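[1] would you be able to build a 3D model of this:
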Amino acid sequence: MNRRRLFLDKAPGESRGVVTLDGRPERLLIRRIDDLPGQLPGARSVARVRRIERGQGGAFLDLGEGPEALLPLTGAAKGLNEGAAVEVEIITQARRGKGAVARFVAHAEGSPRLAAPAPGLTEQLIRFAPDQAVGWGAEAREAADIAEEAALAIEHPLPGGGVISIEPTRALTAIDIDLGATGGDSARAVRRINSSAIDEAARLLRLKSIGGLVVFDLIGERHDGAALAAAAKAAFAPDQPGVSIGPVSRLGLLQLALPRRARPIGEFLTEADGRAAPAAIALRLLRALEREGRADGGARLVGHCAPAAAAAARTYIDELIGRIGPRFEIRADPGFLSDRFEVSAL
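    As a prediction, the model looks like this:
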């Protein structure tokens, strides 16, 4: 069917854009009020060339805020020297341990500064389904919560049986395919599940904003490499340009490379060690306070959470005050686990 719908949830401190494909989340876009404007994909800035690494084929740029960005020294950028001012556009957002990637726009003058802001979430969403209106309200909040939960999951059921596990590592993303309890072991079932896994993984990798090297551990033997490559080409067509699909190896591995265009969703929601990120828990707590505050317009509310989440919430509290007034408080409880929070009325 391939029907896409668009949703935009505007919550205290954070907006979340969601694209669904046949009712299931396909993309999750996150913007927070403390994001640095010059670091967002699509933002244009005047930057200063801080240093050049010709052996790596890149220049490192001072954008005026946040980490340095990498500018590949191709085309008109080849002749740049250290100290030069250039106008650039961010094409890949910074991720954990890596700065943003920029493209050369023009030579420029002056100190580093934002030249043009990134497109808003509504504009970004419409690009994925130009014929669809953007949904708001309770339906958008539910769609965003479902998308967040799916983006964090490792195991995902396949339509018609079978399971895939998606696990990113520093070097690559491994996708394991399991027949499941009802998958059967016939050649026909194996072909169906491998094809279904490729299709589902394409959607889920877009949802998780995962790029780079991806390796499928296919089930079965004597694979039809041409058929699997064709299935991968169709499944990953929305990610073009920049997708490279390799042949199936004699060990039953299908490899492909995906372009990196956005910060992985997991980096918004978890720490490097996998624990819940304090900012993510703080924002969930504020959404819960907003929900309870709207349900009972006269209640005085209190939110309990771990100290790190309570500290992170300070950045976003004014946004919630603007929605329900200053009739709530957030209490840090050292006994709470990092991902736990509660809301109650006083």
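[2] where's the lengthiest helix in the chain relative to the chain centroid, distance-wise?
    Longest helix in the chain, counting residues (DSSP state H): helix 187-208. When C-alpha coordinates are averaged (C-alpha atoms, centre = their mean, to the nearest Å), helix 187-208 and its chain have centres 20 Å apart.
[3] quick one: buried residues of the following helix or strand past that helix?
    Next helix or strand after helix 187-208 toward the C-terminus (DSSP states H and E): strand 212-217. Of the residues in strand 212-217, Gly212, Val214, Val215, Phe216, Asp217 count as buried by neighbour count, 16 or more other C-beta atoms under 10 Å. Yep, even glycine has a C-beta here, placed from its N, CA and C like the rest.
[4] so who does the closest residue to Gly57 other than its chain neighbours touch?
    Nearest in space to Gly57, with sequence neighbours left out and distances taken as C-beta to C-beta, 6 or more residues apart in numbering, is Leu73 at 5.3 Å. Counting by C-beta atoms under 8 Å, 6 or more residues apart in numbering, Leu73 touches Ile52, Arg54, Gly57, Gly58, Ala59, Leu80.
[5] just checking, the last one touches Ala59?
    Going back to what we said before, that points to Leu80. Yes: assessed by C-beta atoms under 8 Å, Leu80 is found in contact with Ala59 at 5.7 Å.
[6] among the contacts of Leu73, who's most crowded?
    With neighbours defined as other C-beta atoms under 10 Å, the most crowded of these is Ala59; it has 28 neighbours.
[7] is that one in a helix, a strand, or coil?
    strand (DSSP: H, G, I helix; E, B strand; the rest coil).
[8] hang on, isn't it packed against Ala77?
    Yes: Ala59 lies in contact with Ala77 (C-beta under 8 Å); the separation is 7.0 Å.
[9] mutual contacts of those two, please.
    Shared contacts of Ala59 and Ala77, defined by C-beta under 8 Å, 6+ apart, comprise Leu71.
[10] avg pLDDT for stretch 17-29?
    The pLDDT scores in stretch 17-29 average 97.
[11] typo on my end, it should be stretch 306-317
    97.
[12] list the buried residues of it.
    Ala306, Ala308, Ala309, Ala310, Ala312, Ala313, Tyr316, Ile317.
[13] end to end, how far does that stretch reach?
    This stretch, stretch 306-317, spans 16 Å end to end (C-alpha to C-alpha, to the nearest Å).
[14] TSV for the buried residues of stretch 306-317, including secondary structure?
    Output for those, formatted as TSV (three-state DSSP):
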residue	secondary structure
Ala306	coil
Ala308	helix
Ala309	helix
Ala310	helix
Ala312	helix
Ala313	helix
Tyr316	coil
Ile317	helix
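[15] enumerate every residue touching the spatially most central residue of the chain.
    In the chain, the residue lying closest to the centroid (C-alpha atoms, centre = their mean) is Ile265, at 3.1 Å. Contacts for Ile265 (C-beta under 8 Å, 6+ apart) come out as Leu28, Ile30, Glu148, Ala151, Leu152, Leu207, Lys208, Ser209.
[16] could you tell me how many residues sit around the last one?
    The one in question is Ser209. 22.
[17] quick check on it: phi, psi?
    Here is the backbone geometry of Ser209 (degrees, to the nearest 10): phi 60, psi 50.
[18] not counting sequence-adjacent ones, nearest residue to it?
    Sequence neighbours aside, Ala262 is the residue nearest to Ser209 in space, at 4.3 Å (criterion: C-beta to C-beta, 6+ apart).
[19] for Gln124, see how far away the one you found is.
    Distance, Ala262 to Gln124, by C-beta to C-beta, to the nearest Å: 10 Å.
[20] shared neighbours, these two?
    The contact sets of Ala262 and Gln124 overlap at Leu29 (C-beta under 8 Å, 6+ apart).
[21] picking up where we left off before, residues of the longest helix of the chain that come out buried?
    For helix 187-208, a neighbour-count test (16+ other C-beta under 10 Å) marks 189-208 as buried.
[22] just want the angle from it to strand 212-217.
    Interaxial angle of helix 187-208 relative to strand 212-217 (axes from the mean of the first three to the mean of the last three C-alpha atoms, to 10 degrees): 160 degrees.
[23] and Ala232, helix, strand or coil?
    Strictly by three-state DSSP, Ala232 counts as helix.
[24] same question, Ala76
    Here Ala76 is helix, with the state taken from three-state DSSP.
[25] what's the burial count for it?
    Per other C-beta under 10 Å, the neighbour tally for Ala76 reads 12.
[26] in three-state terms, label the nearest residue to it once chain neighbours are set aside for me.
    Once flanking residues are discounted, Ala76 sits nearest to Phe104: 5.6 Å by C-beta to C-beta, 6+ apart. Under the three-state scheme (three-state DSSP), Phe104 adopts strand.
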